[in-house]
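**Q** predicted coordinates and the sequence they were generated for:
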Amino acid sequence: MALRAWDPFTVLARLDDDFDELVRRTWGGGTAGQTAGYVPAIEMWADGPDVMITLELPGVDIEKDVEIEVHEGRLTISGQRRDLRTEDKPGRMLVRELRYGSFRRDFALPPEVAPEMVEASYDKGLLQVRVRNVTKPAREPQKIPVRTGEELSSAPAKAIEGETG
């Protein structure tokens, strides 16, 4: 009886391929060799009156594959992360954890935001979008006086006038 060495990477690669195929069949999208569901992670915070949004987009050709639009009260950042591995590279995939495919992130904007209030920059795999002058300073709490029964009874009565006839 011949002994065969167990290769955990072969088992993992087969499991990964089976899972990817199940995802493609269930939710559609993707082509052979692509995994489904690329959603870039974001951070969003207030910077004075501005809102800053940072998206992780490593390996994305920002000029060719990303669009930023402002339309009808929505900021939309969409694009795709392409699989740069070509078929002419020998060997088969053993482990695949990188995700590829199209993505779209939408953000609601206040009605007064115009496209010229949005600017974007890209550096070291991070897309940073600034939406200028969208946060308003918090108003200080104001006390509202409460009139008491004594104040109400001393107030002059108002007559209701109307025509009879």
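**A** Great, that's in hand.

**Q** any weak-confidence spans in the protein?
**A** Counting by pLDDT under 70, the chain contains low-confidence ranges at 1-14, 16-17, 20-37, 86-90, 155-165.

**Q** ranges for the strands of it?
**A** 42-47, 50-56, 66-71, 74-81, 101-108, 118-123, 126-131 (DSSP state E).

**Q** got those as CSV, with distance to Thr148 and mean neighbour count columns?
**A** Placement of C-beta: from N, CA and C, glycine included. As requested, the strands of the chain are arranged in CSV below (distance: least, CB to CB, whole Å; neighbours: other CB atoms under 10 Å):
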stretch, distance to Thr148, mean neighbour count
strand 42-47, 41, 11
strand 50-56, 45, 18
strand 66-71, 52, 14
strand 74-81, 50, 17
strand 101-108, 44, 14
strand 118-123, 52, 13
strand 126-131, 47, 18
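
**Q** and those: which comes nearest Phe19?
**A** Nearest of the strands of the chain to Phe19, taken as CB to CB: strand 101-108 at 15.3 Å.

**Q** packing partners of the closest one?
**A** Contacts defined by 3 or more CB pairs under 8 Å, 6 or more residues apart in numbering; DSSP states H and E place strand 101-108 against strand 74-81.

**Q** got the angle between the strand it packs on and strand 101-108?
**A** 170 degrees (axes from the mean of the first three to the mean of the last three CA atoms, to 10 degrees).

**Q** partner strands of strand 74-81, parallel or antiparallel?
**A** Sheet pairing of strand 74-81 (DSSP bridges) gives strand 66-71 (antiparallel), strand 101-108 (antiparallel).
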